[in-house]
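**Student:** here's a sequence, model it:
(one chain, ligands or ions: 2)
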Amino acid sequence: MDERLKKEWESCVKCGLCRSVCPVFRELRQEPFVARGHISLLSDFIKGNFDFDSEKSKDYLYKCLLCTTCVEACPNDSGTDIIVELARRRIVELHGLALYKKVMAKILLNRNLMDLSALSANVLSLFLFNKNVNTSRQSASLRIKLPFFDKDRLIPPLAPKTFYNKYKSYGENPRISIFPGCLINYTYVKIGDAFINILHKLNIGYIVEKKASCCGAPIYFSGNFDDARILAKRNIDLFYDQSIDYLVVLEPTCASMMKFDYSKLFMYFDDEEYVQKALKLAEKIIDPVKYLYDNTNIEEKLKDTGLTVTYHDPCHLKRTQKVKNEPRDLIKRAAHFTEMKEADRCCGNGGTFSIDYRDLSLKIASRKIDNILNTKAQVLVTGCSACIMQLSEALHIAGHDEVKTLHTLELINQSLKGG
Ligand code: SF4
Ligand code: SF4
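**Tutor:** Numbers count the residues shown, from 1 in each chain. Ligands and ions are numbered 1, 2, ... in the order given. The predicted model follows:
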């Protein structure tokens, strides 16, 4: 029995608070799909009765968004996310990965292969995608059925030029390094463009470290700890000795992985040297909006864009990085802000969760859409490109393409231009 799992299991007092907040439980209403249920499953595990082989057991452990809402709500600090991560690891050790997750890991481990795959996908996109169904969504549906992707799924096309190909380090003695994350590097380069434009307007130099690897989050959350460790080591070795004040990580999930999960990962492998290195690097990792808020006079430069906006809190920004007020303060200077109900409820994306459980993922998103529409905002602003992808599609499905989506950095950039 893994001692760590046992410790988390013992800490749960069965109060059920996690049931009242879990977005998956809210839809499925079954105990095995919530943190308390996951913890009860461990009692079978401790007795040696847990069947990691059965599809049902795998379903219980993979039908979790790892949104950490239950972690935040738990009065006893039970490591409800740790339990799911470690149990998934055990499933992968015993039974291996699903085919597409194996392929994904192979690609994510090799930047050249990633670039090549992106290039091929870009060329093939002419044949694979329908014409943009809606230019405001900047996404298209597939013309043919591909394994693992529903035909009607809206997918944002890959950018013609990646962030790493577009930008190089700038300025004398820059004090920040930028880590865009794969979604921004390959797809949502416009969010990276916005951040670069803001930095130039504020006359701030930066480093673009082109040798950076994927942060490893998609494979770590799948339970593939071995490959996640390889990527984590590469990134730590790359950034650890950089003479910078901040490593600005544009994607909240990548930031959360690098800031909090890298050290946990090395702890699981009893690698004390890298636990310490990961903890040291974590001190420098920061979200771009928080960086601007804490270190510049950006508030004074923002002008009203005339837009009415609402804001969605990405899980890995509000809950893990505790960034909640900073984006709101800046948005209020750039637009008319209207708070939505349950702004911090997960959008249902959850990385590969939205591929494996698309219907459930969209059901969770549709509750969010109701809350967005009730605000009557013209624009939904958020700080994560995966949330933008998910909520853009959900707005489109709901027939509300008139509600636009923007990243907080894009709104700030528009506002700096004078609205
Ligand atoms: S909130 Fe925490 S202590 Fe309460 S049932 Fe859920 S996991 Fe257990
Ligand atoms: S991490 Fe999120 S989806 Fe998973 S059990 Fe907790 S609240 Fe539910």
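
**Student:** enumerate the residues of the stretch 151-300 of the chain near ligand 1.
**Tutor:** Counting by C-beta under 6 Å from any ligand atom, no position of the stretch 151-300 of the chain is adjacent to ligand 1. All C-beta spots, glycine's among them, are computed from the backbone N, C-alpha and C.

**Student:** how about the strands in the stretch 151-300 of the chain?
**Tutor:** If you assign secondary structure with DSSP state E, counting those that start in this stretch, the strands in the stretch 151-300 of the chain sit at 176-179, 207-208, 246-249, 285-286.

**Student:** tabulate those in TSV, adding columns for mean neighbour count and distance to H396.
**Tutor:** What follows is these, written out as TSV (neighbours: other C-beta atoms under 10 Å; distance: least, C-beta to C-beta, whole Å):
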stretch	mean neighbour count	distance to H396
strand 176-179	23	30
strand 207-208	20	33
strand 246-249	24	28
strand 285-286	21	32
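
**Student:** export those to a markdown table and tack on distance to S392 and mean pLDDT?
**Tutor:** Putting these into a markdown table (distance: least, C-beta to C-beta, whole Å; pLDDT from 0 to 100) gives the following:
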| stretch | distance to S392 | mean pLDDT |
| --- | --- | --- |
| strand 176-179 | 24 | 98 |
| strand 207-208 | 27 | 98 |
| strand 246-249 | 22 | 98 |
| strand 285-286 | 26 | 98 |
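
**Student:** save these as JSON lines, and put in distance to P23 too.
**Tutor:** Conversion of the strands of the stretch 151-300 of the chain to JSON lines gives the following (distance: least, C-beta to C-beta, whole Å):
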{"stretch": "strand 176-179", "distance to P23": "28"}
{"stretch": "strand 207-208", "distance to P23": "36"}
{"stretch": "strand 246-249", "distance to P23": "25"}
{"stretch": "strand 285-286", "distance to P23": "26"}
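
**Student:** can you tell which of these is closest to N197?
**Tutor:** strand 176-179 (12.8 Å; C-beta to C-beta).

**Student:** which residues sit against the closest one?
**Tutor:** Counting by C-beta atoms under 8 Å, 6 or more residues apart in numbering, the neighbours of strand 176-179 from elsewhere in the structure are 167, 192, 195, 204-209, 212, 215, 235, 239, 242, 244-250, 254, 258, 291.

**Student:** kindly export it (C-alpha atoms) in PDB.
**Tutor:** Coordinates of the C-alpha atoms in strand 176-179 are reproduced here as PDB (Å, rounded to 0.1, in the frame of the first residue of the first chain):
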ATOM      1  CA  ILE A 176      11.700  37.700 -17.200                       C
ATOM      2  CA  SER A 177      11.500  34.600 -19.300                       C
ATOM      3  CA  ILE A 178       8.300  33.600 -21.100                       C
ATOM      4  CA  PHE A 179       7.000  30.000 -21.200                       C
END
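
**Student:** quick check: neighbours of that strand in the sheet, parallel or antiparallel?
**Tutor:** strand 207-208 (parallel), strand 246-249 (parallel) (DSSP bridges).

**Student:** how about those, which one is nearest K58?
**Tutor:** Of all the strands paired with strand 176-179, strand 246-249 sits nearest to K58, with 30.7 Å by C-beta to C-beta.

**Student:** what's the average pLDDT for stretch 382-397?
**Tutor:** The predicted model gives stretch 382-397 an average pLDDT of 95.

**Student:** all set, thanks.
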